[in-house]
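> Okay, predicted coordinates and the sequence, questions at the end:
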Amino acid sequence: GVVTYRNPAARAQFTDLLALGDQHPILSGFQEVVATLQREKRPVLIRQIAHDTRTYEQHISYHPENHLVRSYLIDMTERKQMEEREKEFASAIAAAAIAEKKRALELDEAYQELKQTQAMLIQAEKMAAVGQLASGIAHEVRNPLGIILQCVNYLEPELQARGAQQTEILQVIREAVMTS
């Protein structure tokens, strides 16, 4: 077939097309594409082509009534770059979301640990208060018992002279005070 340029911009952009022929990326595999269009009776086939630093979308259509193959290119380099940036941003957002979720879990764990520590401190304070209360009550109970014991010790020599029954009563009182 014959390659013709209808667009002056294509002539300026692809100056090496005629010289390279089938070796040029635009024409590479072109005969197979046309054969596929003819065999499958497809109206158009679209493929991507990389040339130099640019990426193109090539639309190839076959017109059987006059055996004409038409092709046009759409420069999609910027769109591809934007898609790549979008993928990078999506990856960054996903990574940030994962990191944020991890931080939230760590914060929740720290909060749960803090609540547990707080509950333990409250319990310890309660136990300390109960201990102080018990100590105070024991002190208040032992003071009168000490006085009673002093009285028993004071009365014992006096009552020993009077008889065994009073001494026995004092001994019962002393044992009761000592076991309290």
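Sure thing, it's come through.
> what comes up buried for the longest strand that the chain contains?
Criterion DSSP state E: the longest strand present in the chain is strand 54-63. Buried residues in strand 54-63, counted by 16 or more other CB atoms under 10 Å: 55-56, 58, 60-62. For every residue, glycine as well, the C-beta is placed using N, CA and C.
> now, among these, which is nearest to Arg85?
Distance ranking of the buried residues of strand 54-63 against Arg85, using CB to CB, places Thr55 first at 14.3 Å.
> Looking at the helix or strand harbouring Leu121 now, give me its mean pLDDT.
Here Leu121 sits within helix 77-160, counting by DSSP states H and E. Computed over helix 77-160, the mean pLDDT rounds to 91.
> quick thing: my sequence starts at 30, can you match it?
That works, and once the first residue is 30, the last one we named lands at helix 106-189.
> Which neighbouring elements make contact with that helix?
Secondary-structure packing of helix 106-189 (3 or more CB pairs under 8 Å, 6 or more residues apart in numbering; DSSP states H and E): strand 83-92, helix 193-208.
> go with 10 Å
Helices and strands touching helix 106-189, by 3 or more CB pairs under 10 Å, 6 or more residues apart in numbering; DSSP states H and E, are strand 73-80, strand 83-92, helix 193-208.
> Need the buried residues of strand 83-92 in JSON lines (columns: pLDDT).
JSON lines is the format used below for these (pLDDT from 0 to 100):
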{"residue": "Thr84", "pLDDT": "92"}
{"residue": "Tyr85", "pLDDT": "92"}
{"residue": "Gln87", "pLDDT": "91"}
{"residue": "Ile89", "pLDDT": "90"}
{"residue": "Ser90", "pLDDT": "90"}
{"residue": "Tyr91", "pLDDT": "87"}
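> Arg132: which of these is nearest?
Checking the buried residues of strand 83-92 against Arg132 by CB to CB gives Thr84 as the nearest, at 39.0 Å.
> Report the contact partners of that closest one.
Residues near Thr84 by CB atoms under 10 Å, 6 or more residues apart in numbering: 77-78, 103-110.
> possible to save those residues as TSV with distance to Gln52?
Output for those, formatted as TSV (distance: CB to CB, whole Å):
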residue	distance to Gln52
Gln77	18
Ile78	13
Ile103	22
Asp104	21
Met105	23
Thr106	22
Glu107	27
Arg108	27
Lys109	24
Gln110	27
